[in-house]
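Participant: no sequence for this one, just the structure:
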């Protein structure tokens, strides 16, 4: 599928901001199953300093600084991408899950994936997460099957509920309240699989949504999304979306990956201001491009 | 027999103890002195226990005069401690150690370059990846292909000597190695208290090393910068090693700044200087990596500089040491040092580490779990972490995340003599060594900082003497360094330092004024407390009320009131509180002030201590008097300062405070009529407190009239204690500041105040209405309000720091939430 993704974040303040510094992960990655035809990040007011770079994980990261006083800041990313359904080699999916732990794997690149098998700032390996995952990670079970079942269980056992958790919620909180948002479910999947020694990435991106039957697609109703991808060896990562109980397929636009949300937030920043109030708005639109429509 | 012979005899006594023997730094097993000590010659024989005890007292005094402190996390700053007897290392022995230390720093640098670059160590299997990926010091923001390399410029290694007499590396310090300032201070003190021994010892002086360090730091600036500007970034005056930081800043001549003094623009670092921005080329970093950039590292940090990581990656500023260098402070690296040395330097490791195993290795974990009682468990990246005493709990912790822990043998470091009680006693010691990158090689300091240990904690320190092989050897082996002829602390420029100077002036004056009031009140109380119905008794009550108006106290008994005023730093407006605030301001601007300032605190501290020890009423006057001398000596110190903006703000602060205190005193004492005798006594006291009694007597004889008092204290242009004089001082000082236009708000407020005084009519002010003096009351109220506004306006114009960094959403954390529903 081909999409035009636009992601616009706006902040407005009740007093001048003298200085805004920002970092964003907004540019989709080029991948074997994802071709990025174009991607542009636009910032208003025009930043005095703007630079893109590749981070430690190969993600494109945008750094900017706005130094003219402003009461509103908008950051807009517009990308055109073509996504194919990722294909996974059955031979990799049926490996006993234990053989895919980087600590014991014989894969020559296993050392690189150790980074994704350890605990990270937002992903504690709690005993509860370990026990929850153990139900699916039965000895010798094929990894594809075990991980997929874990995803299904999380989808079934946890309620999608904005507001049930906050930015400071931990894995233990999510397990306790049995509710959360996509970020929580992705983090939970990471904690479950990593606590058994597997390497799993947090993936940040977008999901193309269908309009309700009989309605027009509403522009801007989409949002950022997050899921998890577990390492199968041979540079292959099985991408699973516990929020929607499905593999991340051709409707998923991959932007960046890291150990958890903290490595790849779509946008974060530091401002200098005496403002007391701020309002934030996010509009995400993942618009399918109809073949032959000129895009 | 000297005290050291006694010591030698005692430590070579055979003991029945089963404990492994410690290597003794002073005495060989046959009871003779080690060669290095022998070579110190006859002076050693002069060290009697009497002499050493005297030396120890002198050391305490020197350290207190220099204001040397160390702050343990979560505690108040405590005096730095130094034992009289140095740790002495002979030339030959040092030569072996030196090669090992230089190699170690070169290796650590090579490891740093590799981990933030190609990661050959991990790919080749020489170093298990979880040692690095699982360590907080590995900063991924700095691990980008495009990033400017971060060379390891300064490092420190802690050494201990085992029972066999071999040195072992216990730990490496690479983030922001501290201690070299303390080492320099220790040397300065020891060379003064044991001058003969020091002169004859033939040891390496440390000054040339400092000079070389200064040029190495300057040379680390980005290429093609002709006159690099270096700053020392400190977390503030309450940091553990604040003394060390300001010592380095002032000895090297680099300004001491905090995160809020710096900004990032165009991917470079700038310092705020009177509304301008000046480029910074090198940041000597003493803020922990995680806190050094709220944009990319810990978002809630108020200590760092937003954008610092980006500026560092671009190479527009050099951070010493780099933000990622903390990854080397990792005991998990120790088991692999030898293999890493072979891979990266292609040579064998010379200085072995303390035997360590990393528990991420399954075999090591199993072995460790079998002997939890006999090994030391340490976390790889949490220095304060202590293992649970409960072995089941500890086992569970280790099994859950084994890669975060190491085990080490119990360390039995060497011992040496330290002054203890009436003689000397053996104490365990560890040695912190310092190494810098100078040109393209690493050079260890010939010297160091020795720690006296008690249950593994450092409780005191020792100077470290590295002896020369031949008398003609150049100090530090550095024959070619240029002396630091023109190093002078740069002028105070950043708003935060200027603010500290302003408050230094204010608190010095507030302390002085309160001390004078306490002294006067105490004198009255000695004479009249038993005669409450005399006019002196009434005067005493007026002054006591004045004291409590300026510094409220719940304790009505005069002696308790005086004591808490002098001793309780939590009592608002008290002498003790003003002194504490004064000391804080001095700490913040330490690199701007002569070290004589600390001598003044030394004397106020001793005066306070005497009052704690002697609970007699006359001691109040004695201690307050000595405190006053201490505070007054600050005038002598500040009068020698450069006339730069910092000095003018100090003067402004002092003058405004004098005005405020004067007006408050007059409001509390002169606005009510109390009868001729009492009024006369009160006015006498006011003149005494205002240090104007002599002037008054010269001008008006002994005849005290209120109008004369007011003339002298408010309007007289020649009395340095008068409000008019004080305002003229403020006017001159403000005009000398770079911000002056002649019509800034503070300058306008001073003009208003002067006009108010011009309009004042003395005869009118003295008029009474019943018991009140309404005109005087009104004038003093107006003056107080205007002076307060003036003080605020000065702060606002000159000193307003940067607003604190906040996240886009105005919170403290940089995170926003994803809230998305699927299809």
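Facilitator: Good, I have the coordinates. What you are looking at is a predicted structure, and each value in this text was computed from that prediction instead of being measured.
Participant: show me what counts as buried in the longest strand seen in chain A.
Facilitator: The longest strand of chain A (DSSP state E) is strand A:2-27. Of the residues in strand A:2-27, A:2-9, A:11-13, A:17-27 count as buried by neighbour count, 16 or more other C-beta atoms under 10 Å in any protein chain shown. For glycine as for every other residue, the C-beta is placed from the backbone atoms N, C-alpha and C.
Participant: quick one: low-confidence parts of chain B?
Facilitator: B:1, B:14-20, B:481-492, B:702, B:799-803, B:811-823 (pLDDT under 70).
Participant: and it, split by domain according to the record?
Facilitator: Domains of chain B are assigned by automatic domain parsing as B:69-354+B:411-477, B:356-410, B:500-640, B:658-799.
Participant: now chain A
Facilitator: A:2-83+A:265-288, A:90-262.
Participant: what's the longest strand of chain A packed up against?
Facilitator: Packing partners of strand A:2-27 (3 or more C-beta pairs under 8 Å, 6 or more residues apart in numbering or on different chains; DSSP states H and E): strand A:34-44, strand A:60-66, strand A:70-83, strand A:200-207, strand A:252-258, strand A:267-273, strand A:278-288.
Participant: between those, which one is nearest to residue B:73?
Facilitator: strand A:267-273 (26.6 Å; C-beta to C-beta).
Participant: paired strands for the closest one, with orientation please.
Facilitator: strand A:2-27 (antiparallel), strand B:806-807 (antiparallel) (DSSP bridges).
Participant: which residues sit against it?
Facilitator: A:9, A:13, A:15-26, A:75, B:294-295, B:299, B:306-307, B:802-808, B:810, B:814-816 (C-beta atoms under 8 Å, 6 or more residues apart in numbering or on different chains).
Participant: repeat the analysis, applying 6 Å as the threshold.
Facilitator: Residues from elsewhere that reach strand A:267-273, judged by C-beta atoms under 6 Å, 6 or more residues apart in numbering or on different chains: A:9, A:15, A:17-24, A:75, B:294-295, B:306, B:803, B:805-806, B:808, B:814.
Participant: that older thread, if I average pLDDT within each of the strands paired with strand A:267-273, which one is lowest?
Facilitator: Lowest mean pLDDT within those: strand B:806-807, a mean of 85.
Participant: picking that back up, possible to save the domains of chain A as a markdown table with distance to residue B:437?
Facilitator: As requested, the domains of chain A are arranged in a markdown table below (distance: least, C-beta to C-beta, whole Å):
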| stretch | distance to residue B:437 |
| --- | --- |
| domain A:2-83+A:265-288 | 25 |
| domain A:90-262 | 29 |
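Participant: for residue 240, what are its contacts?
Facilitator: Since you didn't name a chain, this refers to chain A. Under the criterion of C-beta under 6 Å, 6+ apart, the neighbours of residue A:240 are A:151, A:228, A:247.
Participant: please refer instead to chain B.
Facilitator: For residue B:240, the contacting residues are residue B:71, by C-beta under 6 Å, 6+ apart.
Participant: also residue A:226?
Facilitator: So residue A:226 contacts A:182, A:183, A:186, A:204, B:818 (C-beta under 6 Å, 6+ apart).
Participant: at 10 Å instead, please
Facilitator: A:181-187, A:202-205, A:207, A:241-243, A:255, A:257, A:260-261, A:264, A:266, B:818, B:820 (C-beta atoms under 10 Å, 6 or more residues apart in numbering or on different chains).
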